[in-house]
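In: Fold the following and give me the result.
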Amino acid sequence: MAKASAVLSAHGRLAPHRLMWALLPCMAALGGCQGTHDLSNSGCLPLRAPAQVVLVQEAGLYTVRDAKALVLAAHPRDAVNDGFHGTQLVRVLPPGTPLGIDRLQQAWGFDVGKGRISAFGHAVGGGERFEYGWGGGTTIGRAPWEPASLPPLRTVACGD
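Out: Just a heads-up that it's a prediction; the model follows:
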């Protein structure tokens, strides 16, 4: 009974500190459940990769803190929090600029389910590698290479 009292609280339940240690490996294992799905040829997006596209609206390539890849963002954009987020313009890309889209992928994780949908590519001519955050879950926005006639948000089957 002495052993049982060291593990159980006075009410016959698992002591809180023992429960915490018992659940820690489970939480660590679930936290490690994340990855990406390659959507390059899935057919769930209106583009397959690799592909060549041409910007139909101005965009910019940005650094964001210590990120390895640049971020492609359509213009105009709200730059009010750029200093706080460590975002800095590297180069403006005018309409007509060709881009190479190398890979399309969706991040996933135990805690968030289907996550960010990204297009990874490079600026033709300059060669800068970028990530474009196209959407998340089952929704994508209008990419800067897509015509303005498309709706600003669309549902896709990738997150199903």
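In: taking the mean pLDDT, what do you get for stretch 115-124?
Out: Mean pLDDT, stretch 115-124: 94.
In: Just the C-alpha atoms of that stretch, please, in PDB.
Out: Output of stretch 115-124 as PDB, limited to C-alpha atoms (Å, rounded to 0.1, in the frame of the first residue of the first chain):
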ATOM      1  CA  GLY A 115      -2.300  24.000 -42.900                       C
ATOM      2  CA  ARG A 116      -0.700  26.500 -45.200                       C
ATOM      3  CA  ILE A 117      -0.800  25.900 -49.000                       C
ATOM      4  CA  SER A 118       2.400  27.300 -50.600                       C
ATOM      5  CA  ALA A 119       3.900  27.700 -54.000                       C
ATOM      6  CA  PHE A 120       7.700  27.600 -54.100                       C
ATOM      7  CA  GLY A 121       9.500  29.000 -57.100                       C
ATOM      8  CA  HIS A 122      12.000  31.400 -58.500                       C
ATOM      9  CA  ALA A 123      12.000  34.700 -60.300                       C
ATOM     10  CA  VAL A 124      13.100  34.100 -63.900                       C
END
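In: mind listing what's buried in it?
Out: Judged by neighbour count (16 or more other C-beta atoms under 10 Å), stretch 115-124 contains these buried residues: 115-123. Where C-beta positions appear, they are placed from N, C-alpha and C, glycine not excepted.
In: would a markdown table of these with distance to Ala73 be doable?
Out: As requested, the buried residues of stretch 115-124 are exported to a markdown table (distance: C-beta to C-beta, whole Å):
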| residue | distance to Ala73 |
| --- | --- |
| Gly115 | 19 |
| Arg116 | 14 |
| Ile117 | 15 |
| Ser118 | 13 |
| Ala119 | 12 |
| Phe120 | 15 |
| Gly121 | 14 |
| His122 | 16 |
| Ala123 | 13 |
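In: Out of the residues you listed, which is nearest to Val92?
Out: Closest to Val92 out of the buried residues of stretch 115-124 is Ala123 (11.1 Å), distances taken as C-beta to C-beta.
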